[in-house]
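K.L.:
Predicted model and sequence follow; I will ask about them next.
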Amino acid sequence: AAIKADLDELYDTETRFREISGLAPREAWGQMETKPAEGGVGGPPDELGEEPAPAADALMRPPHVIYGIMRPSPDLIVQEINLRRRSLQELLEDVETQADRLERTPTFWPSNEKDRWISSRFGYRKDPFTNRRSFHGGLDIVAQYGSPVLATGRGVIAHASSDRYKGNHVKIDHGHGLETQYFHLKKLSVKRGETVERGDTIGYLGNTGRSQGAHVHYEVIKNGKRVNPANYLGKQ
């Protein structure tokens with residue numbers, strides 16, 4: 001009875017863990033729909049034999065029924081506890097992977113200044129230097145000159161340099177095919193190879209390179225292609 005009580009607690013803990021984390025529950029053994037049909041059934045004559053090995057979906061079987069037995073032996077109960085322990089370990093790894101992916105997804109604004117605003121959005125626009133129609137591959141975010149520019153997700157600094165067009169700029173590799181870029185910074189505060197967390201300062205908002213006024217040009221790159229950063233950010 002004490003062992004079965006422990007098993008009940010393991011089951012309840014795992015169920016609650018999945019509810020909180022938003023992970024789908026494992027399919028319980030015996031829940032697959034069956035339909036009466038002619039043909040497609042069979043098997044040997046009813047004979048006693050060894051208990052079949054548990055399937056992977058047996059990990060979430062209700063604790064009061066183990067392998068279809070209402071009063072299982074202690075050995076079967078211990079085996080079920082070991083299965084649930086393994087399931088909880090797999091669940092923990094799933095949650096850690098999910099949490100890491102969320103921390104790496106660039107959902108944070110590159111400026112947390114109260115008076116920030118977007119001066120130019122992603123897509124085609126009239127180029128401010130040539131007045132010709134051209135594609136703008138990011139968001140231009142205006143904020144206080146010299147204010148911190150922030151990493152929008154966890155990642156590794158893939159590039160931190162300067163050129164005549166981007167000015168002082170930073171690229172962050174977030175993994176999972178995601179990268180972000182930050183142009184026109186006044187100065188940089190990171191170097192290539194450094195690891196940054198979401199919200200870390202990577203530089204300061206400026207007006208370097210091909211720029212008209214203090215702002216940060218912010219890009220999101222997914223699988224090598226620039227995408228609209230607004231799809232990753234909350235409301236301004």
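P.N.:
Structure received.

K.L.:
buried sites along whichever helix in the chain runs longest?
P.N.:
Longest helix in the chain, counting residues (DSSP state H): helix 74-104. For helix 74-104, the neighbour count (16 or more other CB atoms under 10 Å) marks Ile77, Gln79, Glu80, Ile81, Leu83, Arg84, Ser87, Leu91, Val95, Arg104 as buried. (C-beta placed from N, C-alpha, C; glycine too.)

K.L.:
among the residues you listed, which two are most distant?
P.N.:
Ile77 and Arg104 (41.0 Å; CB to CB).

K.L.:
any idea how far the longest helix of the chain is from the chain center?
P.N.:
Relative to its parent chain, helix 74-104 has a centroid offset of 18 Å by CA atoms, centre = their mean, to the nearest Å.

K.L.:
Quick one: list the elements packing against that helix.
P.N.:
The contact analysis (3 or more CB pairs under 8 Å, 6 or more residues apart in numbering; DSSP states H and E) places helix 74-104 against helix 2-21.

K.L.:
For the protein, give me the ranges with low pLDDT.
P.N.:
Applying pLDDT under 70 to the chain flags the ranges 20-70, 72, 234-236.

K.L.:
try 50
P.N.:
28-34, 37, 40-43, 47-59, 236 (pLDDT under 50).

K.L.:
Report the angle between the longest strand belonging to it and helix 74-104.
P.N.:
The single longest strand within the chain, with elements called by DSSP state E, is strand 178-188. Using axes from the mean of the first three to the mean of the last three CA atoms, to 10 degrees, one finds that strand 178-188 and helix 74-104 are set 40 degrees apart in direction.

K.L.:
can you list contacts of the following helix or strand past strand 178-188?
P.N.:
Downstream of strand 178-188, the next assigned helix or strand under DSSP states H and E is strand 195-196. For strand 195-196, contacts defined as CB atoms under 8 Å, 6 or more residues apart in numbering pick out Ala151, Arg154, Gly155, Val156, Ile157, Ile172, Val190, Ile202.

K.L.:
which residues touch Ile221?
P.N.:
Here Ile221 is in contact with Leu178, Glu179, Thr180, Gln181, Val227 (CB under 8 Å, 6+ apart).

K.L.:
try 10 Å this time
P.N.:
106, 137-138, 171-174, 177-181, 227, 229 (CB atoms under 10 Å, 6 or more residues apart in numbering).

K.L.:
among the residues you listed, which ones are buried?
P.N.:
Of the contacts of Ile221, these count as buried by 16+ other CB under 10 Å: 106, 137-138, 171-174, 178-181, 227, 229.

K.L.:
middle-most residue in the protein, spatially?
P.N.:
Arg101 (2.7 Å; CA atoms, centre = their mean).

K.L.:
Surely that residue and Gly175 touch.
P.N.:
Yes. Counting by CB atoms under 10 Å, Arg101 does reach Gly175; the two are 8.2 Å apart.

K.L.:
Overlap in contacts, those two.
P.N.:
Gly153, Arg154.

K.L.:
Would you check how far apart Arg104 and His176 are?
P.N.:
For Arg104, the distance to His176 (CB to CB, to the nearest Å) stands at 6 Å.

K.L.:
Residues in a beta bridge with Asp140, which ones?
P.N.:
Ser120, His217 (DSSP bridges).

K.L.:
Quick one: residues contacting Lys171.
P.N.:
155-161, 179-183, 192, 219, 221.

K.L.:
Which member of the residues you listed is positioned nearest Arg125?
P.N.:
Using CB to CB as the measure, the one of the contacts of Lys171 that approaches Arg125 most closely is Glu219, at 14.6 Å.
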